[in-house]
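**Student:** What follows is a predicted protein model with its sequence.
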Amino acid sequence: ITIRLGYADIILKKCPKCKGTKAYTVSEKCEHCKSTPKPLRRISFVDAPGHESLMATMLSGSAIMDAALIIISANEKCPQPQTQEHVMAMNIMGIENVIIVQNKIDVVSEKETLENYKDIKKFLKDTKYKDAPIIPISAQQGINIDFLIEAIEKYFPTPKRNDKKDPLFFVARSFDINKPGTEIKDLNGGVLGGTLKQGKLKEGDEVEIRPGRAVEQRNQIIWNPINTKIIGLASGNISAKEILPGGSSAIMTLLDPSIVKSDRLTGTVVGRSGKLPKVWMDITLEIHLLDRVVGTEKELDVKPIKMNETLMLNVNSTASVGVVYELKKGTIKCKLKLPVCVEAGSRITISRRISNRFRLIGYGILKE
């Protein structure tokens, strides 16, 4: 099970000689005429786990997605609880561009594939994704991958980015890339992986990381911003002097590797010193609850949020537990276990513990 978000980059290509769907490929050579395909664009995949107990990871990933492929197995009943939850989460987070990928058509009959297709259409008919294309494939056998690439090119336009704003880099992973036993003089600084939401970052930039590190002072936990310098950048697997918004990127820093190892800085935000959003320990949310709990086998109504209730709140690329300490009509106040760096007005998903799992019950708008 993928407990952490996974990343992969791929270059979509098109053969200059072949016509129609069969021209689309990701291979070095065209499978049909052996010509060298021309690159179309590089895309980054955020592998958000489908397992229902890992929804917080998926919700964290949804904040840095431009579009989504919903993978549905043709040999399983549709919808699975986690599929329902993913679709609702994408709706809440404002993801508009979606393609349904009906996988494993090689392990079922044509009749079963068509029945599964009908189940998918029935599941989606009351959602805003009711007209989303459904592409039957076999990832294992490489069947219809060209049709999927064509659909990505058609239905997933490259979003317009704003590189003039102050940079905001959402950290989804953080790494110590040094091998055990490396000499101190040969150590590399910590690496931050994630995506640049806006602005641009360049090699040599001095940056700030918020909320930063927790330190204990007079029996209290204080969060101090971290300042460091960018000494290297990569976009996908390619070294770069600067990065622009879109796709997965990595920032090599001068940070002590112990600070970043094992995803210790996941959920933080990188930007210019003094230009990052506010760090919150207490938040006020204008709440919007769903009518039904998403992802449970039985239909359950969403009951009002209670005083002292513990909620899972997903903010940008992080998740924090919040305890409700004030209730008013349409709003709640929560004290967070972990601070978050986020702009007022942001949309935050709300999950409640039901049968020992956190289930999506709605979203909130962060108020000043």
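**Tutor:** Looks like it came in fine.

**Student:** Around the residue lying closest to Ile137 once chain neighbours are set aside, count how many other residues there are.
**Tutor:** The shortest distance from Ile137 to any non-neighbouring residue, by C-beta to C-beta, 6 or more residues apart in numbering, is to Asn144 (4.3 Å). (Glycine included, C-beta is placed from N, CA and C.) The burial count assigned to Asn144 is 20, neighbours taken as other C-beta atoms under 10 Å.

**Student:** quick one, what contacts Asn144?
**Tutor:** Neighbour list for Asn144: Ile105, Ile135, Pro136, Ile137, Ser138 [criterion: C-beta atoms under 8 Å, 6 or more residues apart in numbering].

**Student:** Any chance of the residues you listed in JSON lines with neighbour count and secondary structure as columns?
**Tutor:** Output for the contacts of Asn144, formatted as JSON lines (neighbours: other C-beta atoms under 10 Å; DSSP: H, G, I helix; E, B strand; the rest coil):
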{"residue": "Ile105", "neighbour count": "22", "secondary structure": "helix"}
{"residue": "Ile135", "neighbour count": "19", "secondary structure": "strand"}
{"residue": "Pro136", "neighbour count": "19", "secondary structure": "strand"}
{"residue": "Ile137", "neighbour count": "21", "secondary structure": "coil"}
{"residue": "Ser138", "neighbour count": "16", "secondary structure": "strand"}
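
**Student:** okay, now the domains of the protein?
**Tutor:** Using automatic domain parsing, the domain ranges for the chain come out as 6-155, 168-271, 279-367.

**Student:** For Arg161, find the nearest of these.
**Tutor:** Nearest to Arg161 among the domains of the chain is domain 168-271; the distance by C-beta to C-beta comes to 3.8 Å.

**Student:** The strand ranked longest in the chain: partners in the sheet, and parallel or antiparallel?
**Tutor:** Ranked by number of residues, the top strand in the chain under DSSP state E is strand 220-235. Paired strands of strand 220-235, with direction, are strand 206-217 (antiparallel), strand 238-240 (antiparallel), strand 249-253 (antiparallel) (DSSP bridges).

**Student:** Need those strands in JSON lines (columns: distance to Lys122 and mean neighbour count).
**Tutor:** Converted to JSON lines, the strands paired with strand 220-235 look like this (distance: least, C-beta to C-beta, whole Å; neighbours: other C-beta atoms under 10 Å):
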{"stretch": "strand 206-217", "distance to Lys122": "44", "mean neighbour count": "16"}
{"stretch": "strand 238-240", "distance to Lys122": "43", "mean neighbour count": "12"}
{"stretch": "strand 249-253", "distance to Lys122": "40", "mean neighbour count": "23"}
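
**Student:** Can you say which of these is nearest to Tyr155?
**Tutor:** Comparing the strands paired with strand 220-235 by C-beta to C-beta, strand 249-253 comes nearest, at 24.3 Å.

**Student:** Run through the helices of this protein in chain order.
**Tutor:** For the chain, the helices defined by DSSP state H occupy 55-62, 81-92, 110-124, 145-155, 257-260.

**Student:** Going by neighbour count, list what's buried in the fourth one.
**Tutor:** For helix 145-155, the buried set under the neighbour-count rule, 16 or more other C-beta atoms under 10 Å, comprises Ile145, Asp146, Phe147, Leu148, Ile149, Glu150, Ala151, Ile152.

**Student:** ok, so of the residues you listed, who is nearest Gly322?
**Tutor:** For these, the nearest to Gly322 is Ile152 (36.5 Å; C-beta to C-beta).
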